[in-house]
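S.K.: my questions concern the predicted model and sequence given below.
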Amino acid sequence: MVENRPFLNLLAHLVLIVGVAIVVFPVYVAFIASTHSGTDFLSGVVPLVPGPHLVENYATMLSAGMTSSGAPPIGPMMINSLVMAIGVAVGKIAISILSAFAIVYFRFPFRTAAFWMIFITLMLPVEVRIVPTFKVVADLGLLNNYGGLIIPLIASATATFLFRQFFLTVPEELMEAARVDGAGPMKFFRDILLPLSVTNIAALFIILFVLGWNQYLWPLLVTTDPSLYTVVMGIQRMAAVADAEPRWNLVMAAVILAALPPVLVILAMQRLFVKGLVETEK
């Protein structure tokens with residue numbers, strides 16, 4: 001029985017409202033800043049009410065960008081980020097689910113050692129691996145193309161671990177029944193394991209999409225062609241000269257536009273995302 005305690009309910013709602021306000025207020029300020037002109041910030045005070053330049057600022061970012069900052073229009077940069085984010089998310093999930101499938105359902109020497117070798121890479125910081133990875137990418141001629149942006153990032157020990165743990169919970173009777181029906185390993189994987197893994201895949205896709213979308217250091221290293229800049233790189237270039245030329249209104253417009261795709265992905269897949277995180281029985 002759930003007890004009705006008005007004071008605790010009120011306190012819980014107050015805490016939630018304060019938490020939401022703390023999270024939403026910076027986004028609100030960024031949006032308000034994107035509706036004003038650049039001169040409105042010279043006084044050092046950020047307005048808290050919308051300005052009259054919303055359409056103008058967003059149209060400028062989508063059509064011309066900030067050429068003085070070396071940043072092209074944000075549209076192509078968002079497309080580059082979208083390609084990278086989808087490629088990273090799909091690549092990580094595909095490789096991880098196949099790796100976990102092999103580790104759990106195939107009997108081969110040192111399979112446990114292979115799993116722990118994959119898992120131990122979680123203990124290596126990105127900075128430790130980034131120089132040798134860059135050398136390999138450069139030697140393979142993958143600089144300044146989508147392959148160089150995506151391929152080095154698609155290995156994921158975390159996703160492999162999560163899929164392995166899920167596959168270990170699948171009843172062995174399903175595998176035995178599939179074997180009796182004459183299903184081979186890949187048919188068992190395609191017709192049974194994949195449908196059971198949909199919620200896990202959706203949850204991981206959202207997390208990995210946001211991870212790929214927010215990548216900054218790796219694209220900065222492997223990309224010198226402006227046509228391949230990602231949106232995070234573009235925002236950094238805009239902000240780097242924003243103090244010399246007061247265009248914070250355009251920077252904030254770029255920030256709001258850059259936040260839209262991850263938000264839309266989360267909204268579109270939130271049911272599967274929550275189900276994949278909390279579901280314990282399949």
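M.R.: Looks like it arrived, so ask away. Keep in mind that this is a model prediction, so the values were computed, not measured.
S.K.: wait, Phe205 sits on Ala89?
M.R.: Yes: with contact defined as CB atoms under 8 Å, Phe205 reaches Ala89; the gap is 5.1 Å. Heads up, the C-betas are built off the backbone N, CA and C, glycines and all.
S.K.: so the two - more neighbours on which side?
M.R.: Ala89 (27 against 22; other CB atoms under 10 Å).
S.K.: need the per-residue pLDDT for the more buried one.
M.R.: You'll see Ala89 listed with a pLDDT of 94.
S.K.: now the helices for the stretch 1-150 of the chain?
M.R.: Remark: helices assigned in the stretch 1-150 of the chain by DSSP state H, counting those that start in this stretch are 6-33, 54-63, 74-105, 111-119, 126-139, 146-150.
S.K.: of these, which approaches Val255 most closely?
M.R.: For Val255, the closest of the helices of the stretch 1-150 of the chain is helix 6-33, at 5.3 Å, according to CB to CB.
S.K.: list the helices and strands the closest one packs on?
M.R.: Here helix 6-33 touches helix 248-268, going by 3 or more CB pairs under 8 Å, 6 or more residues apart in numbering; DSSP states H and E.
S.K.: figure out how far the helix it packs on is from the centre of its chain.
M.R.: Chain-centre distance of helix 248-268: 13 Å, with CA atoms, centre = their mean, to the nearest Å.
S.K.: same check, this time on stretch 195-213
M.R.: The chain centroid and the centroid of stretch 195-213 are separated by 9 Å under CA atoms, centre = their mean.
S.K.: what is the burial count for Tyr146?
M.R.: Neighbours of Tyr146 under the rule other CB under 10 Å: 14.
S.K.: which non-adjacent residue is nearest it?
M.R.: Counting by CB to CB, 6 or more residues apart in numbering, the nearest residue to Tyr146 once its immediate chain neighbours are dropped is Val83, at 6.0 Å.
S.K.: got it, and Asn57?
M.R.: Excluding its sequence neighbours, the residue lying closest to Asn57 (CB to CB, 6+ apart) is Ala253, at 4.5 Å.
S.K.: could you pull out the helices for the stretch 151-282 of the chain?
M.R.: Using DSSP H, counting those that start in this stretch, helices in the stretch 151-282 of the chain cover 157-169, 172-180, 185-188, 194-196, 198-213, 217-222, 231-240, 248-268, 270-278.
S.K.: in terms of mean pLDDT, which of the ones you listed ranks lowest?
M.R.: Ranked by mean pLDDT, these end with helix 270-278 at the bottom, a mean of 72.
S.K.: tell me the residue in this protein that is farthest from the middle.
M.R.: Computed with CA atoms, centre = their mean, the maximum C-alpha offset from the centroid of the chain is found at Val180, amounting to 40.8 Å.
S.K.: for Arg107, see how far away it is.
M.R.: Distance, Val180 to Arg107, using CB to CB, to the nearest Å: 19 Å.
S.K.: show me the contacts for Val126.
M.R.: Contacts of Val126 were listed using CB atoms under 8 Å, 6 or more residues apart in numbering, and they are Leu217.
S.K.: gap between it and Ile235?
M.R.: Applying CB to CB, the value for Val126 to Ile235 is 20 Å.
S.K.: how deep is the closest residue to Thr158 other than its chain neighbours tucked in, by neighbour count?
M.R.: Excluding the flanking residues, the one nearest Thr158 by CB to CB, 6+ apart is Leu122, at 6.6 Å. The number of residues packed near Leu122 is 11, by other CB under 10 Å.
S.K.: now do the same for Leu122: its pLDDT.
M.R.: The per-residue pLDDT reported for Leu122 equals 77.
S.K.: from what I see, it and Ala155 are in contact.
M.R.: No: judged on CB under 8 Å, Leu122 makes no contact with Ala155 at a distance of 11.1 Å.
S.K.: so who does the spatially most central residue of the chain touch?
M.R.: Taking CA atoms, centre = their mean, the centroid of the chain lies closest to Val210, which sits 1.4 Å from it. Val210 makes contact with Ala85, Pro262, Val265, Ile266, according to CB under 8 Å, 6+ apart.
S.K.: want to throw the residues you listed into JSON lines with neighbour count and distance to Ser37?
M.R.: Below are those laid out as JSON lines (neighbours: other CB atoms under 10 Å; distance: CB to CB, whole Å):
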{"residue": "Ala85", "neighbour count": "25", "distance to Ser37": "32"}
{"residue": "Pro262", "neighbour count": "18", "distance to Ser37": "28"}
{"residue": "Val265", "neighbour count": "20", "distance to Ser37": "32"}
{"residue": "Ile266", "neighbour count": "14", "distance to Ser37": "32"}
